[in-house]
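Asks: Build me a model from this:
(2 chains)
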2 protein chains.
Amino acid sequence: MTERIHAIQDDYPDDIAWCFGCGRLNENGYHFRTYWNGYQTETTYEPKKEHIAIPGFVYGGLIGALVDCHGTGSASLALHRKNGFEPGSGEEPPRFVTGSLHVDFLKPTPQNVILKAVGTVEEIHPKKWKVNVEVFAGESLCAKGEVIAVVMPSSFTK
Amino acid sequence: MTERIHAIQDDYPDDIAWCFGCGRLNENGYHFRTYWNGYQTETTYEPKKEHIAIPGFVYGGLIGALVDCHGTGSASLALHRKNGFEPGSGEEPPRFVTGSLHVDFLKPTPQNVILKAVGTVEEIHPKKWKVNVEVFAGESLCAKGEVIAVVMPSSFTK
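Replies: Residues are numbered from 1 along each chain as shown, chains lettered A, B, ... in the order given. Predicted coordinates:
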C-alpha cells in the first residue's frame, strides 16, 4: 500500500479548484497534482491515448499545459512554505496565475510513458515567482520550460 | 450559406493528421484549423465549458495549445505558399513540429467568447519559421505568443 502524497491542489479552496489542468473538481480535466520532493517540485501524468502529435509521440500542447500548471502549483507550494505551511497543514494556500509560459521541445516525447515535470522555484518579486521546469518521459529529458507565476489578484474570484 | 475556408490541416496526409490539437482524424481533439486571411493566418476556436482556469475564464493551457498548433499550421501555410501552393491545390503541404513555444498572458480570457489566433510568419532558416501570434477573445487581445516551428524530420513518420 502506497500513501498518496499530499498535493497543493488538494488544498485549493473549492471556488478555485476548477482548472482544466489541475482542478480536482473539473470532471473532464487532467487533474495534475503538484507536490514537494525535497527542495524541488514534481507533477506526474500519464497521457491518454488521444494525446498524440503524431502516432507514437505525445502532443506538445499537453506538455505545455503540464508545464503551465506545474509552474503555478510549484509557485503556490513555494510561497506556502515561505509562509510556514506545507500541503495538508490545513491552511489555504496562495493561488497563482500564469504570467508567461515558455517551453523548449528538446526531443520527441514517446507515448505510453509516464511524464514527470520537475520544478525549481525562485522568488523574483513578492508576488511573482519563476519556475524552471524539466519534463521527463521515463529517464529521458524531453522538454524544458519556464513559467512566470503571479499571485492571483483577489478580483479574479469576485 | 457560408463557404468553409480551406485549412492547411485539411491537406495533411492521413498518417500525420492525428494531432490532438489540429488533427482532423483525432476524434477527441480540438480540431484547430488554420488558414490564410490575406498575408496573416487565422485559427478560431470556441472553448468548451470545461476549458476553464477558474469559473468564467479560459484555461491558459488551452491558449498555449492554440498558439502551438496555430504556429505549426501557419508555418506550413507559409512554406507551402513559398513553394507555389495554397490549401486545396492538391499538393501535400510540408508538416512542422514545434521547436519552442512562448506565451505571454496579457489579461484574463473570458469564457463563452470565440477565440481567434492571428499569425504573422517569418522565415528565419530554410527549415525553421518564426510565427508571432496574437490571441483575441472577441475584440480583446488576451495573449501574445511566439512559436519556432521546424520542418518535421522525415524520421518522425518512419
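Asks: Alongside chain B, which residues does chain A contribute?
Replies: For chain A, the contact set with chain B under CB under 8 Å from any CB of the partner chain comprises A:15-16, A:18-21, A:26-29, A:48, A:50-55, A:57, A:59-62, A:64-65, A:68-69, A:97-105, A:108, A:152, A:156-157. All C-beta atoms are positioned from the backbone trio N, CA, C, and that covers glycine.
Asks: In helices, which of those appear?
Replies: Among the residues of chain A next to chain B, the ones falling in helices (DSSP state H) are A:60, A:61, A:62, A:64, A:65, A:68, A:69.
Asks: quick one on the thing from earlier: restricted to buried residues, select the residues of chain A next to chain B in PyMOL.
Replies: To isolate the buried members of the residues of chain A next to chain B in PyMOL, using 16 or more other CB atoms under 10 Å in any protein chain shown:
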select buried, chain A and resi 16+18+19+20+21+26+29+51+52+53+54+57+59+60+61+62+64+65+68+69+97+98+99+100+101+102+103+105+108+152
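Asks: Filter the residues of chain A next to chain B down to just the ones in strands.
Replies: A:97, A:98, A:99, A:100, A:101, A:102, A:103, A:104, A:105 (DSSP state E).
Asks: Could you dump those into a markdown table with pLDDT added?
Replies: Below are those laid out as a markdown table (pLDDT from 0 to 100):
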| residue | pLDDT |
| --- | --- |
| A:97 | 96 |
| A:98 | 97 |
| A:99 | 98 |
| A:100 | 98 |
| A:101 | 98 |
| A:102 | 98 |
| A:103 | 98 |
| A:104 | 98 |
| A:105 | 98 |
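Asks: With just CA atoms, put stretch A:146-158 into CSV.
Replies: What follows is stretch A:146-158, C-alpha atoms only, in CSV (Å, rounded to 0.1, in the frame of the first residue of the first chain):
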residue,chain,number,x,y,z
GLU,A,146,9.9,28.4,-17.6
VAL,A,147,6.8,29.8,-16.0
ILE,A,148,6.4,33.2,-14.5
ALA,A,149,3.7,32.7,-12.0
VAL,A,150,1.9,35.7,-10.4
VAL,A,151,-0.2,35.7,-7.2
MET,A,152,-3.8,35.6,-8.4
PRO,A,153,-5.4,39.0,-8.0
SER,A,154,-8.3,38.8,-5.5
SER,A,155,-10.5,40.4,-8.2
PHE,A,156,-10.4,37.1,-10.1
THR,A,157,-12.7,35.3,-7.8
LYS,A,158,-15.1,38.2,-7.1
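Asks: residues touching the nearest residue to residue A:107 once chain neighbours are set aside, list them.
Replies: Leaving out its chain neighbours, the residue that sits closest to residue A:107 by CB to CB, 6 or more residues apart in numbering or on different chains is residue A:142, at 5.5 Å. Counting by CB atoms under 8 Å, 6 or more residues apart in numbering or on different chains, residue A:142 makes contact with A:58, A:63, A:105, A:106, A:107, A:108, A:109, A:115, A:135, A:136.
Asks: can you pick the most crowded of these?
Replies: Within the contacts of residue A:142, most neighbours by other CB atoms under 10 Å in any protein chain shown means residue A:63, with 31 neighbours.
Asks: rewinding a little: ok, the contacts of residue A:142 vs residue B:86, which is closest?
Replies: Ranked by distance to residue B:86 (CB to CB), these are led by residue A:105 at 28.3 Å.
Asks: That closest one contacts residue A:141, doesn't it?
Replies: No - Residue A:105 lies out of contact with residue A:141 (CB atoms under 8 Å); the separation is 11.1 Å.
Asks: Do you know the pLDDT at residue A:155?
Replies: You'll see residue A:155 listed with a pLDDT of 74.
Asks: Farthest pair within the ones in helices among the residues of chain A next to chain B?
Replies: A:60 and A:69 (15.2 Å).
Asks: For the spatially most central residue of chain A, give me its contacts.
Replies: Nearest to the geometric centre of chain A sits residue A:70, at 1.4 Å (CA atoms, centre = their mean). By CB under 8 Å, 6+ apart, the contact set of residue A:70 is A:32, A:34, A:41, A:43, A:117, A:119, A:131, A:133, A:147.
Asks: got it, and residue A:131?
Replies: Neighbour list for residue A:131: A:41, A:70, A:71, A:74, A:75, A:119, A:120, A:121, A:122, A:146, A:147, A:149 [criterion: CB under 8 Å, 6+ apart].
Asks: what about the fifth one, distance to residue A:151?
Replies: Okay, so that is residue A:75. 8 Å (CB to CB, to the nearest Å).
Asks: what is in contact with these two at once?
Replies: Residues touching both residue A:75 and residue A:151 (CB under 8 Å, 6+ apart) are residue A:96.
Asks: who's more crowded, these two?
Replies: residue A:75 (32 against 17).
Asks: from memory that one sits against residue A:149, does it?
Replies: Yes - Residue A:75 is within contact range of residue A:149, at 3.6 Å (criterion: CB under 8 Å).
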